[in-house]
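**Q** Got a sequence here, can you model it:
(chains A, B, C and D)
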2 protein chains.
Amino acid sequence: MRVERPHRPGDVAAGLPADRAAAIRLAALRLFAAQGYRATTMADIGAAVGIRGPSLYKHVSGKQVLLAELMLGTMDTLLAMHTEAVDGVTDVTERLRRAVEAHVRYHARHRLEAFVGNREIGSLEQPGRVLRLRSTYERGFRELIERGVAEGVFAVRSARLASYSILDMGMGVANWFHDNGEFSVDQLAYQYGDLALRIVGKAG
Amino acid sequence: MRVERPHRPGDVAAGLPADRAAAIRLAALRLFAAQGYRATTMADIGAAVGIRGPSLYKHVSGKQVLLAELMLGTMDTLLAMHTEAVDGVTDVTERLRRAVEAHVRYHARHRLEAFVGNREIGSLEQPGRVLRLRSTYERGFRELIERGVAEGVFAVRSARLASYSILDMGMGVANWFHDNGEFSVDQLAYQYGDLALRIVGKAG
DNA sequence: CCTACCGATCGGTAGG
DNA sequence: CCTACCGATCGGTAGG
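**A** Numbers count the residues shown, from 1 in each chain, chains lettered A, B, ... in the order given. As a prediction, this is how the structure comes out:
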């Protein structure tokens, strides 16, 4: 009978993986972000967790699956944050603000996931599911803006351009945000909420 | 004495390359955009212009040089368009509008260049020059916004966030724009000019 | 512009 | 979790 090494109390709070499979996924995320999916080898990922490349196959089923699960998890989390953010909020201005704040918060807190998710779509052998989730996510913003226009609260020439603009500027956060920078995640989310409301013609 | 095949009058207008080296660069651009730099082989590029991989080396010096020249050309063109757009314009609102329109026009007209330029920075062995050009370009927008704020024409909490937002939403155009879509390049540029002015607090 | 080929790399498997 | 290894790929060169 074997006894597992107990996790020290600080591990989860420090973002340390609870088991080897989680450590492998984290290492893969970091390497995919830093070097690109194709430039990252199974040996690289193994070295990052202290084992050889072939030993990874005892914990994960392959490099492509690592990428696919990473990108599906990204979209699931983003959609869940969006749903929770707007849940129960009826006022369309407040709904848009909260949706934008969740969007920006995700891209600041999960920089690497967002970065890999946006850059490596072409590296997925079966991108269908991820693309469908992205489409659903984008539609949520467009419909929200269209509703605001219908209610006479927002004023835009094109709801599509407004939603693309808001989503694209939020995704850009993943490219330049750093902790210990000028703004905290909360400050950033609030200010992007303001900018989004300006875009839809609702002066702050 | 050999006689070159004369270029038919329509070639340049149709975007057809004038010589083999240009055809190779265009094929490389398209393949880098569609498959990624690392997934594109010299054999792929050769096949796209009707020759074998090794024959490419009579016209270009290598795959990495193809990428580096492509990305440097992208930044040179973008900076030149920016300079020409704001040249001689003193009013800060009009300067920002024209700068944004040039930015959006570039990302709509040169979708593939912008797409590759944004995705493959990590594939450059010597990214220094390209990064410096990008930094210069971004600084132009930030200083323009700071000037508008100083003149009391713009109102933003952070010129940096405003410039990042405007640049990021314009870069996003390269990800979804298609000819024969809802908007022409000119219409798109104008509407993004409006959105940018809203972001800086100058109602249209 | 071609074929032949070098040297290196890589994902994944075999077998322990 | 390891070493040994398979099968395939690739950028670039040699030599014509």
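**Q** what's the nearest residue to A:His39 if we skip its chain neighbours?
**A** His isn't right for residue A:39; it's Ala. Once flanking residues are discounted, A:Ala39 sits nearest to B:Arg38: 6.1 Å by C-beta to C-beta, 6 or more residues apart in numbering or on different chains. All C-beta atoms are positioned from the backbone trio N, CA, C, and that covers glycine.
**Q** Assign a three-state SS to that neighbour, would you?
**A** Look at B:Arg38: counting by DSSP: H, G, I helix; E, B strand; the rest coil, its state is coil.
**Q** In chain A, what helix or strand scores lowest on average pLDDT?
**A** One helix or strand of chain A scores below all others by mean pLDDT, DSSP states H and E: helix A:10-13, with a mean of 44.
**Q** Moving C-terminal from the helix or strand hosting A:Val104, which element do we reach first?
**A** If you go by DSSP states H and E, A:Val104 is part of helix A:92-109. The element immediately downstream of helix A:92-109 (helix or strand, assigned by DSSP H and E) is helix A:111-119.
**Q** helices and strands around that next one, which ones?
**A** helix A:20-35, helix A:63-86, helix A:159-176 (3 or more C-beta pairs under 8 Å, 6 or more residues apart in numbering or on different chains; DSSP states H and E).
**Q** packing partners for the second one?
**A** It refers to helix A:63-86. The elements that helix A:63-86 packs onto, with contact taken as 3+ C-beta pairs under 8 Å, 6+ apart, are helix A:20-35, helix A:42-48, helix A:92-109, helix A:111-119, helix A:128-150.
**Q** Redo these as a markdown table? Include mean pLDDT, distance to DNA strand D and mean neighbour count.
**A** Below are those laid out as a markdown table (pLDDT from 0 to 100; distance: least, C-beta to the nearest atom of the strand, whole Å; neighbours: other C-beta atoms under 10 Å in any protein chain shown):
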| stretch | mean pLDDT | distance to DNA strand D | mean neighbour count |
| --- | --- | --- | --- |
| helix A:20-35 | 97 | 5 | 19 |
| helix A:42-48 | 98 | 6 | 17 |
| helix A:92-109 | 98 | 29 | 22 |
| helix A:111-119 | 98 | 19 | 21 |
| helix A:128-150 | 98 | 23 | 16 |
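**Q** and B:Tyr164, which of these is closest to it?
**A** Nearest to B:Tyr164 among the helices and strands packed on helix A:63-86 is helix A:92-109; the distance by C-beta to C-beta comes to 11.6 Å.
**Q** by contact count, what packs against the closest one?
**A** Applying 3+ C-beta pairs under 8 Å, 6+ apart, we find helix A:92-109 packed against helix A:63-86, helix A:128-150, helix A:159-176, helix A:185-199.
**Q** let's go with 10 Å and repeat that
**A** Where contact means 3 or more C-beta pairs under 10 Å, 6 or more residues apart in numbering or on different chains; DSSP states H and E, helix A:92-109 is packed against helix A:63-86, helix A:111-119, helix A:128-150, helix A:159-176, helix A:185-199.
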